[in-house]
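Peer 1: kindly return the folded structure for what I paste below:
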Amino acid sequence: MMKIQMIKKAVFVLVMLPTLAFANVEVHLDKAPIDPSDQASLQRGARTFINNCLNCHSASYMRYNRLQDIGLTEKQIKENLLFTAEKVGDPMTTAMNKKDAKKWFGVAPPDLSVEVRARGADWVYTYMRSFYRDETRPSGWNNLVFDKVAMPHVLYELQGEQALNHETHTLTLTKSGKLSVEEYDALVGDLTNFMAYMAEPAKQQRNRLGWFVLLFLGVLLVLTYKLKKAYWKDIH
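Peer 2: Model (predicted):
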């Protein structure tokens, strides 16, 4: 009987180990400042994304001409943002070869078209602010949200360098960047806002259409009810 109980306890521990391990590395996610109606924020985020993220990542489900939906003209797109394509109607691709990327980073950088839908805006916002120096990693960088991430910190000149306190599992800024903490957080907020828009570029239009549909159904309900009363008024 005692042997059976010991086996049960061992099985319970084995089953619970993954849960306990996950709980130990769980990181609080900060709330991303998402506002799909803020076109100025979306435009700043698009600039940051195209100038920095498209160097390695693609966004093949997003076309440059969709930037007109956030207030940019075709001329502005051509003159300021069309770096990896020839036509405004082309998708956002990267010139980096996947084989070379895998050789340099150990893994090919993923397409970011629907990254916010896959991981959530809060995850992306926190991730981009959670890089820290780690000399044990090939790139010299690690991330509090994504441990042993292959991606280096491409925005470190703007944010500066952070160090991880292994006891408290918190980050401390050890070397200032070109931007203050508040300015860098705002930049990442705009970037995340644009990536959220990019993941669902028709969301605003769909939401507006939804209100019109609900209004139409409401009017139709009233008319149908009045028609029903008129039809049945002489029937007992």
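
Peer 1: what's the closest non-adjacent residue to Ala85?
Peer 2: Tyr64 (6.2 Å; C-beta to C-beta, 6 or more residues apart in numbering). (C-beta placed from N, C-alpha, C; glycine too.)

Peer 1: wait, isn't that neighbour in contact with Phe83?
Peer 2: No. With contact defined as C-beta atoms under 8 Å, Tyr64 does not reach Phe83; the gap is 9.8 Å.

Peer 1: of the two, give the one with the bigger neighbour count.
Peer 2: Tyr64 (24 against 12; other C-beta atoms under 10 Å).

Peer 1: who touches the more buried one in this structure?
Peer 2: Ile77, Leu81, Leu82, Ala85, Lys87, Val88, Gly89, Asp90, Pro91, Met92 (C-beta atoms under 8 Å, 6 or more residues apart in numbering).

Peer 1: recalculate using a threshold of 7 Å.
Peer 2: Going by C-beta atoms under 7 Å, 6 or more residues apart in numbering, Tyr64 touches Ile77, Leu81, Leu82, Ala85, Val88, Asp90, Met92.

Peer 1: and it, how far from Asn193?
Peer 2: 18 Å (C-beta to C-beta, to the nearest Å).

Peer 1: equivalent analysis for Lys148, please.
Peer 2: Counting by C-beta to C-beta - Lys148 and Asn193 are separated by 28 Å.

Peer 1: swap in Leu173?
Peer 2: 23 Å.

Peer 1: more neighbours, these two?
Peer 2: Applying other C-beta under 10 Å to Leu173 and Asn193 shows that Asn193 carries more neighbours, namely 25 against 14.

Peer 1: and the gap between the more buried one and Gln76?
Peer 2: Asn193 is 19 Å from Gln76, by C-beta to C-beta.

Peer 1: Arg44 and Leu191: what is the separation?
Peer 2: With C-beta to C-beta as the criterion, Arg44 and Leu191 are 8 Å apart.

Peer 1: who has more neighbours out of the two?
Peer 2: Set side by side, Arg44 and Leu191 show more neighbours around Leu191, with 24 against 18, by other C-beta under 10 Å.

Peer 1: let me know the helix or strand that the more buried one is in.
Peer 2: helix 181-199 (DSSP states H and E).

Peer 1: helix or strand right after that helix?
Peer 2: As the chain continues past helix 181-199, the following element, by DSSP H and E, is helix 203-232.

Peer 1: please work out how many residues are found near Leu54.
Peer 2: For Leu54, using other C-beta under 10 Å, the count is 20.

Peer 1: am I right that it sits in a strand?
Peer 2: No. Per DSSP: H, G, I helix; E, B strand; the rest coil, Leu54 lies outside any strand segment and is helix.

Peer 1: who's in contact with Asn55?
Peer 2: Thr94 are the contacts of Asn55 under C-beta under 7 Å, 6+ apart.

Peer 1: swap in 10 Å and give it another go.
Peer 2: For Asn55, the contact set (C-beta atoms under 10 Å, 6 or more residues apart in numbering) comprises Phe83, Thr84, Thr94, Ala95, Met96, Pro109, Val154.

Peer 1: go on, Thr192?
Peer 2: 32-34, 41, 45, 48-49, 115-116, 121-129.

Peer 1: try 7 Å
Peer 2: By C-beta under 7 Å, 6+ apart, the neighbours of Thr192 are Ala32, Ile34, Ala121, Val124, Tyr125.

Peer 1: the residue most central in space within the chain: which element?
Peer 2: For the chain, the residue nearest the mean C-alpha position is Val116 (3.0 Å; C-alpha atoms, centre = their mean). In the assignment (DSSP H and E), Val116 maps to helix 115-119.
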